[in-house]
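>>> Provided below are the primary sequence and the corresponding predicted coordinates.
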Amino acid sequence: MSEEHTENGNDAGGEFERERVPDRALLGAGKFWGMYAGEHAAGTEFMIGPLFLAAGASLQDLIFGLLLGNVLAVLTWRFLVTPIAIGKRMTLYYQLERIAGGSLVKLYNVVNGVLFCFLAGAMVTVSASAVGVPFGIFYEVPESTFALGAPSFTALVILVGVVMAVIAAAGYQMVARVANIAAPWMISIFAACGIVSLVQMDANSFSALSEGKFWSDAIAFVQEEKGVQEFSFWQIVVFAWLCNGAMHFGMADLSIFRFARSPSSGWAPAIGMFLGHYMAWISAALLMAAQIKLSQDATPNPGALAWGALGWTGIICVVIAGWTTANPTIYRAGLAFQGVSPKSSRIAMTLVAGAVATTAGAFPKLSEQLLDFVGTYGTVLGPMGAVVFVDYYLLKHFGLQDEYAMHRGKKVNVAVLIAWVLPVTVGLYLIFWQDLFAAYAVIPCWVACGAIYLALSKTVQSPITE
């Protein structure tokens, strides 16, 4: 047992929330491949795929835009996140506490945890939509964003949310185990959904697929009902790259890859990106196109879409897919909340995160806003990853102290506060008041945050003299 481990006495559940992960607790690459397959070939795919179609994306742009965007996402995880995760072997939240100061990180952790809970809440909604189909309890989207669904649907959301929270509270090993078991089966079901949908639309030849008339007809039907929209090739690329911006550019997955035995584990997101954010998104969009052709219904109800293609098999897939997305997201949120109250147990804070996520899941309208939401939460959370990057790679090269708050006993590192708040404020202004596509703001805010942090650190710190 390491001296640090003994001193901190923080081996509760083997999660090492406030210390380096010791060598004896490191995990092989298989754990990560299974978790990323389960998390990203999962519940969100049943929502996001149909939203591309509804937004007016062409089939050609979707195929090639997702290909490029997902390559960029994998490279970002592998070469931005993994080296720092293995070098430090700490959660994002503990690293930020050492850099930014405990008081500032508590604010960040609240924002971080709540946003992750809203994302997990959408997955609770997705799973509940599937559970309800065989019992005649349908997912209906009210007009207001914060309006509850039917009482019976709300009860299903609570039931599903409790199960997800309990699994997440069991720790990373349990999260990874559930994903490893479920992922191979779910991936095959997603592929089957796409194939069945093509057959249902008589798109059973290469020429029928390449012409894509079934796709353009579906877009025309949706837009006649909901108004004309456009979703360009570059919007698809940037969305695919940055829809998980908080996890890679924002460094949230430092908390996951701190357990990695070798850098090769950093390629694990590839399975989630190409089987989930590529094949599964396209398959889910095809489900929507088939539903429109067969029943003239443009409601993006994940449970009903899967039921129409594969019956009970589709329903079970949607339920489990929602679980495998929400479980690691609630786990991350629990770590964030624990950063606010370090003396609280991770299990208790994960259950709190589960309760928040379940509450969010009770508002069905939120799940229809995922295209905008994931870009917004990447804009808010992503820039703090630039602080970690600059602190790890650059500060000492400029004669400055890394982990400044810890070494100087600061509760608030002013350089971090300004560097985070200033670009995020500008980004949110452009998103909400100038109608900027939310994902477009992630990288400019990240770069600005890193540059401001470095410049202000030179101002507020005294140079290292030793």
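Right, received. Where do you want to start?
>>> Please tell me how far residue 278 sits from residue 164.
25 Å (C-beta to C-beta, to the nearest Å). In this view, the C-beta of every residue, glycine as well, is placed from N, C-alpha and C.
>>> So which of those two has more stuff around it?
residue 164 (26 against 22; other C-beta atoms under 10 Å).
>>> My guess is that one contacts residue 327. True?
Yes - contact criterion C-beta atoms under 8 Å: residue 164 and residue 327 qualify, at 6.0 Å.
>>> how about the helices in the stretch 301-450 of the chain?
Ranges of helices within the stretch 301-450 of the chain are 302-310, 312-340, 346-361, 370-393, 404-408, 414-433, 442-460, based on DSSP state H, counting those that start in this stretch.
>>> Can you tell me which of those is most buried?
helix 312-340 (a mean of 27; mean count of other C-beta atoms under 10 Å).
>>> and the angle from it to helix 302-310?
Angle of helix 312-340 versus helix 302-310, following axes from the mean of the first three to the mean of the last three C-alpha atoms, to 10 degrees, is 150 degrees.
>>> Hey, what's the angle from helix 312-340 to helix 370-393? Just curious.
Going by the same axes, to 10 degrees, helix 312-340 makes 40 degrees with helix 370-393.
>>> same question for stretch 388-397, mean pLDDT?
Stretch 388-397 shows a mean pLDDT of 95.
>>> repeat for stretch 147-166
86.
>>> CA atoms only for it, dumped as PDB, please.
Output in PDB follows, covering the C-alpha atoms of stretch 147-166 (Å, rounded to 0.1, in the frame of the first residue of the first chain):
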ATOM      1  CA  ALA A 147     -43.900  20.400 -18.300                       C
ATOM      2  CA  LEU A 148     -44.300  16.900 -16.900                       C
ATOM      3  CA  GLY A 149     -45.600  14.000 -19.000                       C
ATOM      4  CA  ALA A 150     -48.500  11.800 -18.100                       C
ATOM      5  CA  PRO A 151     -48.600  10.600 -14.400                       C
ATOM      6  CA  SER A 152     -48.000   7.000 -15.600                       C
ATOM      7  CA  PHE A 153     -45.000   8.000 -17.600                       C
ATOM      8  CA  THR A 154     -43.600  10.000 -14.700                       C
ATOM      9  CA  ALA A 155     -43.900   6.900 -12.500                       C
ATOM     10  CA  LEU A 156     -41.900   4.900 -15.100                       C
ATOM     11  CA  VAL A 157     -39.200   7.600 -15.200                       C
ATOM     12  CA  ILE A 158     -38.800   7.300 -11.400                       C
ATOM     13  CA  LEU A 159     -38.600   3.500 -11.500                       C
ATOM     14  CA  VAL A 160     -36.000   3.600 -14.300                       C
ATOM     15  CA  GLY A 161     -34.000   6.400 -12.700                       C
ATOM     16  CA  VAL A 162     -33.700   4.500  -9.400                       C
ATOM     17  CA  VAL A 163     -32.300   1.400 -11.100                       C
ATOM     18  CA  MET A 164     -29.700   3.600 -13.000                       C
ATOM     19  CA  ALA A 165     -28.600   5.400  -9.900                       C
ATOM     20  CA  VAL A 166     -28.100   2.200  -7.900                       C
END
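>>> Now do the buried residues in that stretch.
149, 153, 154, 156, 157, 160, 161, 163, 164, 165, 166 (16 or more other C-beta atoms under 10 Å).
>>> Need the phi and psi values for residue 140.
phi -120, psi 130 (degrees, to the nearest 10).
>>> following the lowest-mean-pLDDT helix or strand in the chain, which helix or strand shows up next?
When each helix and strand of the chain is scored by mean pLDDT, DSSP states H and E, helix 3-8 comes last, with a mean of 34. Of the helices and strands lying after helix 3-8 in sequence (DSSP states H and E), the nearest is helix 29-40.
>>> What is the following helix or strand past that next one packed up against?
For helix 29-40, the following helix or strand on the C-terminal side (DSSP H and E) is helix 43-54. Contact here means 3 or more C-beta pairs under 8 Å, 6 or more residues apart in numbering; DSSP states H and E; on that basis helix 43-54 packs against helix 102-132, helix 213-226, helix 281-295, helix 302-310, helix 312-340, helix 370-393.
>>> The ones you listed: lowest mean pLDDT?
Taking the mean pLDDT of the helices and strands packed on helix 43-54, helix 312-340 comes last: a mean of 79.
>>> Distance from that one to the middle of the chain?
10 Å (C-alpha atoms, centre = their mean, to the nearest Å).
>>> hang on, the earlier thing: what is the nearest of the buried residues of stretch 147-166 to residue 222?
residue 149 (21.9 Å; C-beta to C-beta).
>>> And the closest one, how far from residue 326?
From residue 149 to residue 326 the distance is 18 Å (C-beta to C-beta).
>>> How about residue 263?
For residue 263 relative to residue 326 (C-beta to C-beta), the value is 28 Å.
>>> what do you get for residue 240?
On the measure of C-beta to C-beta, residue 240 and residue 326 end up 21 Å apart.
>>> Identify the residue nearest residue 54 in space, chain neighbours excluded?
residue 222 (4.9 Å; C-beta to C-beta, 6 or more residues apart in numbering).
>>> Correction: the previous question concerned residue 133.
residue 303 (4.3 Å).
>>> check contacts around that neighbour.
126, 129, 130, 131, 132, 133, 139, 315, 318 (C-beta atoms under 8 Å, 6 or more residues apart in numbering).
>>> And residue 72, by the same measure?
If you count contacts by C-beta under 8 Å, 6+ apart, then residue 72 has 237, 240, 241 around it.
>>> Regarding it, which helix or strand does it belong to?
Using DSSP H and E, residue 72 falls in helix 59-76.
>>> between that helix and helix 213-226, how big is the angle?
Going by the same axes, to 10 degrees, helix 59-76 makes 90 degrees with helix 213-226.
>>> Flag every buried residue along the helix or strand just after helix 59-76.
Tracing the chain past helix 59-76, the next element assigned as helix or strand by DSSP H and E is helix 82-88. Judged by neighbour count (16+ other C-beta under 10 Å), helix 82-88 contains these buried residues: 82, 84, 85, 86, 88.
>>> related to what we said a few turns ago, mind putting the helices and strands packed on helix 43-54 into a markdown table with distance to residue 249?
A markdown table is the format used below for these (distance: least, C-beta to C-beta, whole Å):
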| stretch | distance to residue 249 |
| --- | --- |
| helix 102-132 | 14 |
| helix 213-226 | 31 |
| helix 281-295 | 20 |
| helix 302-310 | 28 |
| helix 312-340 | 15 |
| helix 370-393 | 4 |
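>>> Can you check which of these gets nearest to residue 63?
helix 281-295 (6.9 Å).
>>> Need the CA coordinates for that closest one. PDB is fine.
Once non-C-alpha atoms are left out, helix 281-295 reads as follows in PDB (Å, rounded to 0.1, in the frame of the first residue of the first chain):
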ATOM      1  CA  TRP A 281     -27.100   7.400 -35.400                       C
ATOM      2  CA  ILE A 282     -27.600   6.500 -39.000                       C
ATOM      3  CA  SER A 283     -29.700   3.500 -38.100                       C
ATOM      4  CA  ALA A 284     -31.900   5.500 -35.700                       C
ATOM      5  CA  ALA A 285     -32.400   8.100 -38.400                       C
ATOM      6  CA  LEU A 286     -33.500   5.300 -40.800                       C
ATOM      7  CA  LEU A 287     -36.000   4.100 -38.100                       C
ATOM      8  CA  MET A 288     -37.500   7.600 -38.200                       C
ATOM      9  CA  ALA A 289     -37.700   7.600 -42.000                       C
ATOM     10  CA  ALA A 290     -39.400   4.200 -42.000                       C
ATOM     11  CA  GLN A 291     -41.900   5.300 -39.400                       C
ATOM     12  CA  ILE A 292     -42.800   8.300 -41.500                       C
ATOM     13  CA  LYS A 293     -43.300   6.200 -44.600                       C
ATOM     14  CA  LEU A 294     -45.300   3.500 -42.900                       C
ATOM     15  CA  SER A 295     -47.500   5.500 -40.500                       C
END
